[in-house]
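Peer 1: Below is the sequence, then the predicted model.
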Amino acid sequence: MPSAVDDPIAEVLETCRELIRLRVPNLLRLYLNPCVAQTCVVLGEVVRELFPGTAESQRYPSFLANSGAEALSGALKLLRYTLNRIAAAAEQSDQQSESPLVYLCGDGWPPGFVAEAVRSTQTLEIERVVFLPGMIELSFVDLLPILNDSATAAGVVAVQAEALAADGESMTAALAAFQQRGGLVLVNLTTASAQQWKAGNCGDFSPDIVVFDESFTGGEVPFGAFSSRADLYAPWMRRRMSQFHSTTFQPNTISTQHFLRWFPRFMPQLAERLRSELQSLLVDPQQLMTTFTGLFSPSLGKLIATAGFDGVDVTAAGHYVHAGERQLFDGVGGVACSLRGHNPATWCRELEQLSGRDCRREAGILLAELTGLANVVPAVSGASAVETALRLALVAAWPRQQVVVLRGGFGGKTLLALTGTEKPWYRQHLQPLYPHVTWIDPFAPDAVRQLENKVAEHPTAVVQLELIQGVGGVREVPVALLERIESLRRERGFLVFVDEIQTGVFRTGPFVRSSHTPLRPDLITLGKGVSDMMFPFALTLYSDDVAGMLRDRGSHLDEQLRESFTHETAWRCLLNVLQRSAAENTAARVGAAGRELQSFLEDELNELPLVRQTRVFGLLAGIELATDERWLQRLGLKLPQLYLLRMLKHRQFPLLMGFCQYQPGVLKFTPPLTITTEETRAAARTIGEALRTSTGRLLATGVWAVLRSR
């Protein structure tokens with residue numbers, strides 16, 4: 001076996017080994033993470049360092065993503081959101097307005113981000129499959145006259161910093177003039193372009209948003225971020241908008257800690273200047289909270305304070321989180337990420353033992369055996385995997401363009417992933433998004449007829465669904481509808497894309513739930529569990545038929561995307577998960593644990609009028625409450641959250657639980673797949689006792705929480 005020094009992922013494992021040893025939480029949103037605060041400080045100061053036109057008092061808070069592509073998507077969402085809100089206000093004052101155009105200038109954008117060229121199978125002419133309408137890709141030569149035309153409407157210009165720095169002051173002057181007319185400017189930055197920018201002469205230009213990519217972690221771990229002017233960022237982070245672009249894997253400690261290790265290599269003088277401030281965030285809890293809420297997320301900081309996780313040492317190992325002297329069982333686990341809990345003690349050693357093996361090939365063979373799909377494209381989050389699946393399906397099925405989505409699913413919050421996320425408030429002020437999409441209600445009495453009508457009316461490219469809607473209330477799509485989807489797939493030739501981000505990797509028992517249904521998906525997405533709660537990773541799997549359709553259309557998008565995510569650590573993590581799960585017969589163990597959970601919950605909850613229904617699928621469980629919250633709304637309280645706080649404060653077995661984003665009245669339990677019988681029984685008892693709490697005690701919990709967060 002190669003020595004640790006020779007191992008190409010030795011530095012990543014060194015970061016991980018330190019976190020495991022110290023039991024530092026990685027994927028725990030209730031952790032007031034100093035690495036996150038430090039990273040946001042650094043990112044904002046990099047912007048101020050590179051762009052001297054930034055006002056002395058101007059702050060640049062930051063949003064963290066899992067890749068440069070995700071960060072770009074988030075930044076464009078924010079800029080579109082800002083301009084569309086202005087346009088909506090103009091419409092109310094009877095001024096005509098249109099959705100702002102986005103100009104992407106220069107090379108180096110993510111493959112297939114806006115559109116993909118395809119060859120028509122009938123005419124052999126080159127056509128374009130457009131994923132993100134309202135975006136124009138062009139060169140600097142073509143952009144300059146647009147910027148210099150005073151009649152150009154306000155919109156968004158996204159430019160590559162390297163090309164911009166090479167152009168000199170003429171382009172930056174034009175961009176500044178564009179900003180004066182109400183336009184917004186995004187600069188896409190790499191470590192190489194940061195050095196080139198510093199050496200150039202670009203005047204006092206100051207961008208509205210700066211996007212950072214994986215080069216800031218040496219390409220060794222998934223990382224992306226954008227830093228924004230504070231006046232743009234603040235409306236984005238208000239109330240429920242605060243999680244508008246959140247992902248499962250951000251914030252996390254591994255990516256931010258690795259960024260902090262790399263930062264001094266490309267800007268050593270700035271690193272030295274910030275050393276004292278960054279150190280103080282490790283020892284001053286009040287400064288940490290102020291920085292975290294001010295430069296990252298005000299609402300998440302408030303949630304951390306409400307839960308009492310501020311001002312105390314927080315650690316995580318195995319099935320438990322420790323907050324000061326309290327030990328809490330983690331029944332959230334990154335919302336179905338947890339296979340064996342936090343910071344697996346042997347994880348680094350297990351990955352070291354895979355050194356020298358072709359983990360990508362070996363994992364691909366095992367995935368094909370488990371799913372029947374022989375082709376894999378890696379991704380850095382569930383949302384990016386969903387976007388990959390949609391891009392591949394739309395290219396493969398061209399010229400069909402329609403996406404039919406089963407309502408209640410959750411595709412993600414990045415720009416193309418929103419195609420399968422139908423809740424209006426997730427999509428508000430982001431238009432134009434992918435337009436060729438229709439929804440059907442899978443639980444309606446006429447769901448089969450709805451499906452038949454939709455695929456008859458529109459040239460359907462792909463049907464997108466979740467088998468159990470995790471965000472939509474832990475509800476199982478009826479088998480009769482699945483059977484009809486499968487028969488129509490054969491009759492009409494559309495593709496079927498099953499999103500198993502929450503249900504896959506043994507969460508409901510089998511490796512993928514679709515293997516126990518009538519469906520034979522053409523594409524499947526996996527995420528969460530493949531991370532082993534350690535390393536951000538996700539997958540898009542697709543059939544040989546889809547691969548052949550892509551080649552027929554002259555597209556190599558899958559190959560380009562495959563080479564965009566080359567993290568060796570991720571492939572070793574995945575192979576380790578697959579081999580360990582086979583050796584431990586995880587599928588059978590989860591099936592047995594699910595039956596125990598169902599039995600214990602029935603014992604505790606069957607006589608409670610508050611509980612409308614309990615739904616258990618392996619170790620994915622939802623408890624639907626029959627609540628009338630009108631009397632609490634005047635107090636600014638929500639009943640399900642109060643019950644969750646009661647579970648958190650339980651004396652014998654404190655429990656972290658979650659709820660469904662679409663259905664807040666459905667509490668969700670996604671514990672580690674290695675949960676023991678004793679822990680299952682104790683968790684069910686905590687849930688039962690919390691749901692039997694008297695109104696007076698519940699109100700006291702709510703009042704305490706409100707006061708605690710102020």
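Peer 2: Happy to help now that I have it. Keep in mind it's a predicted model, so treat the numbers as computed, not measured.
Peer 1: Can you report phi and psi for the nearest residue to Gly622 once chain neighbours are set aside?
Peer 2: Spatial nearest neighbour of Gly622, chain neighbours left out: Val474 (2.7 Å); criterion: Cβ to Cβ, 6 or more residues apart in numbering. C-betas here are computed from N, CA, C, even on glycine. The main-chain torsion angles of Val474 are listed as degrees, to the nearest 10 and equal phi 50, psi 60.
Peer 1: need the contact list for Val474.
Peer 2: Applying Cβ atoms under 8 Å, 6 or more residues apart in numbering to Val474 gives the contacts 468, 615, 617, 620-622, 660, 666, 668.
Peer 1: With respect to pLDDT, which of these ranks lowest?
Peer 2: Taken together, the contacts of Val474 show their lowest pLDDT at Cys660, with 91.
Peer 1: And that residue, how far from Ala336?
Peer 2: Here the criterion is Cβ to Cβ, to the nearest Å. By it, Cys660 lies 12 Å from Ala336.
Peer 1: got it, and Leu394?
Peer 2: 27 Å.
Peer 1: where are the low-confidence patches of the stretch 101-250 of the chain?
Peer 2: By pLDDT under 70, the weakly predicted segments of the stretch 101-250 of the chain are 166-168, 198-203, 239-246.
Peer 1: residue boundaries of the helices in it?
Peer 2: Ranges of helices in the stretch 101-250 of the chain, per DSSP state H, counting those that start in this stretch, are 140-148, 161-167, 169-180, 191-199, 230-236.
Peer 1: what ranges do the helices span in the stretch 251-400 of the chain?
Peer 2: Using DSSP H, counting those that start in this stretch, helices in the stretch 251-400 of the chain cover 253-266, 268-280, 285-295, 298-306, 333-336, 347-352, 359-371, 382-396.
Peer 1: Pick the most deeply packed of those helices.
Peer 2: Comparing these by mean neighbour count (mean count of other Cβ atoms under 10 Å), helix 382-396 ranks first with a mean of 29.
Peer 1: Which SSE is immediately downstream of that one?
Peer 2: Reading on from helix 382-396 to the C-terminus, the next helix or strand found by DSSP states H and E is strand 402-406.
Peer 1: immediately after that following strand, which helix or strand?
Peer 2: In the C-terminal direction, the helix or strand that comes right after strand 402-406 (DSSP H and E) is helix 424-427.
Peer 1: Rebuild the contacts of Val474 as a markdown table, extending it with neighbour count and secondary structure.
Peer 2: Output for those, formatted as a markdown table (neighbours: other Cβ atoms under 10 Å; DSSP: H, G, I helix; E, B strand; the rest coil):
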| residue | neighbour count | secondary structure |
| --- | --- | --- |
| Ile468 | 22 | strand |
| Arg615 | 18 | strand |
| Phe617 | 22 | strand |
| Leu620 | 25 | strand |
| Ala621 | 25 | strand |
| Gly622 | 24 | strand |
| Cys660 | 23 | coil |
| Val666 | 24 | strand |
| Lys668 | 24 | strand |
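Peer 1: And the residues you listed, which is closest to Thr346?
Peer 2: Out of the contacts of Val474, the one with the shortest distance to Thr346 is Leu620. That distance is 26.0 Å, counting by Cβ to Cβ.
Peer 1: Surely the closest one and Thr503 touch.
Peer 2: Yes: contact criterion Cβ atoms under 8 Å: Leu620 and Thr503 qualify, at 6.7 Å.
Peer 1: shared neighbours, those two?
Peer 2: Shared contacts of Leu620 and Thr503, defined by Cβ under 8 Å, 6+ apart, comprise 468, 470.
Peer 1: Now Ala307. Nearest residue, chain neighbours left out?
Peer 2: Leaving aside its sequence neighbours, Ala307 is closest to Leu30 (5.3 Å, by Cβ to Cβ, 6+ apart).
Peer 1: ok, so what distance separates the one you found from Glu18?
Peer 2: 21 Å.
Peer 1: helices and strands of the protein: which one has the lowest mean pLDDT?
Peer 2: The element with the least model confidence among the helices and strands of the chain, by mean pLDDT, DSSP states H and E, is helix 630-633, at a mean of 57.
Peer 1: pLDDT at Gly53, what is it?
Peer 2: Reading off the per-residue confidence, Gly53 sits at a pLDDT of 74.
Peer 1: quick one: secondary structure of it?
Peer 2: Under the three-state scheme (DSSP: H, G, I helix; E, B strand; the rest coil), the conformation of Gly53 reads as coil.
Peer 1: you'd agree it is up against Val185?
Peer 2: No: in this structure, Gly53 sits apart from Val185 without contact. The criterion is Cβ under 8 Å, and the distance is 11.3 Å.
Peer 1: tally of neighbours for the nearest residue to Leu132 once chain neighbours are set aside?
Peer 2: For Leu132, ignoring the flanking residues on the chain, the nearest one in space by Cβ to Cβ, 6+ apart is Val114 at 5.0 Å. Applying the criterion other Cβ atoms under 10 Å, we find 19 residues in the vicinity of Val114.
Peer 1: Check which residues of the host helix or strand of Asn576 are buried.
Peer 2: Per DSSP H and E, Asn576 falls inside helix 568-584. With burial defined by 16 or more other Cβ atoms under 10 Å, the residues of helix 568-584 counted as buried are 568-578, 580-581.
Peer 1: Stretch 214-225 now?
Peer 2: Neighbour counts using 16+ other Cβ under 10 Å place 214-218, 220-225 of stretch 214-225 among the buried residues.
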